[in-house]
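In: Sequence first, then the predicted structure, then my questions.
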Amino acid sequence: MELNREEVLKVLGNIIEPDLKKDIVSLNLIENLEVTGQKVSLTVAISNPALHARKRMQEAIQFNLKRFFGENVEIEATVKGMAAEHKEKRRKILPEVKHIVAIASGKGGVGKSTITANIAGGLMKLGYSVGIVDADIYGPSMPTMFDVVGERPTMVDVDGKQLISPVLVHDLKLLSIGFFTDQDNAVVWRGPMASKALTQMFTDAHWGELDFLLVDLPPGTGDIHLSLVQTVPLDGVVIVSTPQEVALADARRGVNMFKMDSLKIPVLGIVENMAWFTPAELPENKYFIFGRDGAKNLAEGLGVPFLGAIPLVQSVCEAGDAGRPAVFQENTAVSKAFDELVSKFVNEIEILKKEKSLHL
């Protein structure tokens with residue numbers, strides 16, 4: 001085989017990018033390819049920037065080129081991580097979604113779904129396109145919070161494939177496990193069955209272009225969480241807790257789970273919900289009935305950002321039950337608290353993007 005650019009590209013077309021499951025030529029990952037005499041020099045960008053991954057790719061390039069062109073060919077192969085924007089385009093699942101962020105809690109009853117709905121609403125107020133996956137299989141509450149309990153997703157044809165079309169409400173795209181189950185009956189699913197159902201809301205749904213897709217996870221740190229976050233390419237996670245000591249212990253476990261070597265998902269921050277109680281007739285009063293600054297102190301102790309404190313006020317509950325999250329209220333103390341929370345959330349996303357680009 002003659003050593004020229006065309007033949008070199010044919011050989012390189014046999015090398016598969018391990019994360020993206022396609023060859024490096026069709027994926028357009030080859031840069032600065034030069035063939036001069038018996039020397040081939042090139043740069044290849046790969047999804048995983050880790051040293052062992054880059055070394056494996058170098059070895060694959062060396063092996064394949066020498067196999068076809070002989071041991072005398074001189075090969076200068078540089079392997080680097082993809083640029084952040086290039087990597088986003090190459091995401092296998094939901095390539096048109098810019099940021100996928102999970103909202104999690106170590107235990108139930110801390111208002112995780114309320115925080116999810118209001119972060120989504122706050123992002124929409126800032127002009128972002130947003131979707132929510134209600135993955136809380138044992139207590140799906142998003143249909144109630146957005147007043148779409150009776151709605152059902154439809155099917156849409158996309159390139160000859162039938163996909164689930166999310167329910168559209170307030171310009172927000174929503175899929176909930178509650179749309180596929182009887183509201184009055186308990187969902188009794190084993191782990192693998194639940195994991196498969198949740199995964200389908202990502203892989204078999206037509207989300208289109210979104211700035212943010214928020215995932216309202218089930219409470220806890222179980223098998224469902226692990227399988228879901230290992231399947232779906234999360235960009236980060238927000239942990240919700242109340243100031244209570246028992247909730248903080250579970251929140252700490254939640255943070256540690258996402259920091260595991262097998263996951264390594266950035267923790268964007270901790271939210272302290274029900275931080276204090278303010279009665280409607282005494283709007284200036286604060287009663288710290290669950291403790292004070294517990295989640296804030298936890299965030300500082302774990303070295304993760306503190307995104308904000310949300311008070312326990314009647315209007316938050318009423319807004320959720322009425323299907324219009326409290327963040328949409330005008331000039332109230334709680335809507336301002338959510339606006340500040342969302343502003344910090346967006347800021348942490350921007351910081352994360354810069355850090356990713358520096359490490360690639």
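Out: That came in fine, so what should we check first?

In: report the longest strand in the protein, please.
Out: Across the chain, the longest stretch assigned as strand under DSSP state E is strand 267-277.

In: pLDDT on that one, on average?
Out: The pLDDT scores in strand 267-277 average 92.

In: Check which helices and strands it sits against.
Out: The criterion is 3 or more CB pairs under 8 Å, 6 or more residues apart in numbering; DSSP states H and E, and the helices and strands that strand 267-277 contacts are helix 112-125, strand 236-241, helix 245-258, helix 294-302, strand 306-312, helix 333-359. (C-beta placed from N, C-alpha, C; glycine too.)

In: of all the ones you listed, which lies closest to Pro279?
Out: Within the helices and strands packed on strand 267-277, the stretch nearest Pro279 is strand 306-312; the backing value is 10.0 Å (CB to CB).

In: what sits up against the next helix or strand after the closest one?
Out: Per DSSP states H and E, the first helix or strand lying C-terminal to strand 306-312 is helix 314-322. By CB atoms under 8 Å, 6 or more residues apart in numbering, the residues outside helix 314-322 that reach it are 114, 117, 141, 144-145, 147, 280, 310, 325-326, 328-329, 332, 334.

In: got the CA positions of helix 314-322 in PDB?
Out: Taking Å, rounded to 0.1, in the frame of the first residue of the first chain, the C-alpha atoms of helix 314-322 are listed here in PDB:
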ATOM      1  CA  GLN A 314     -47.400  29.100  52.800                       C
ATOM      2  CA  SER A 315     -47.300  30.600  49.300                       C
ATOM      3  CA  VAL A 316     -44.700  28.100  48.100                       C
ATOM      4  CA  CYS A 317     -47.000  25.100  48.900                       C
ATOM      5  CA  GLU A 318     -50.000  26.900  47.400                       C
ATOM      6  CA  ALA A 319     -48.200  27.800  44.200                       C
ATOM      7  CA  GLY A 320     -47.100  24.200  43.700                       C
ATOM      8  CA  ASP A 321     -50.600  22.900  44.300                       C
ATOM      9  CA  ALA A 322     -52.000  25.500  41.900                       C
END
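
In: what's the distance between stretch 212-231 and the middle of its chain?
Out: Its chain's C-alpha centre and that of stretch 212-231 lie 9 Å apart, by CA atoms, centre = their mean, to the nearest Å.

In: Ok, stretch 289-297 next?
Out: 27 Å.

In: That one: end-to-end distance?
Out: End-to-end distance of stretch 289-297 (CA to CA, to the nearest Å): 17 Å.

In: Then stretch 2-15?
Out: 19 Å.

In: ok, now stretch 255-269?
Out: In stretch 255-269, first residue to last residue: 9 Å (CA to CA).

In: I would like the residues contacting that stretch, please.
Out: Outside stretch 255-269, the residues that touch it by CB under 8 Å, 6+ apart are 101-102, 104, 221, 225-226, 229-230, 234-239, 270, 299, 302, 304-307, 344-345, 348-349, 352.

In: switch to 7 Å and redo it
Out: Residues outside stretch 255-269 that contact it (CB atoms under 7 Å, 6 or more residues apart in numbering): 101, 221, 229, 234, 236-239, 299, 302, 304-307, 344-345, 348-349, 352.

In: Kind regards, and thank you for your time.
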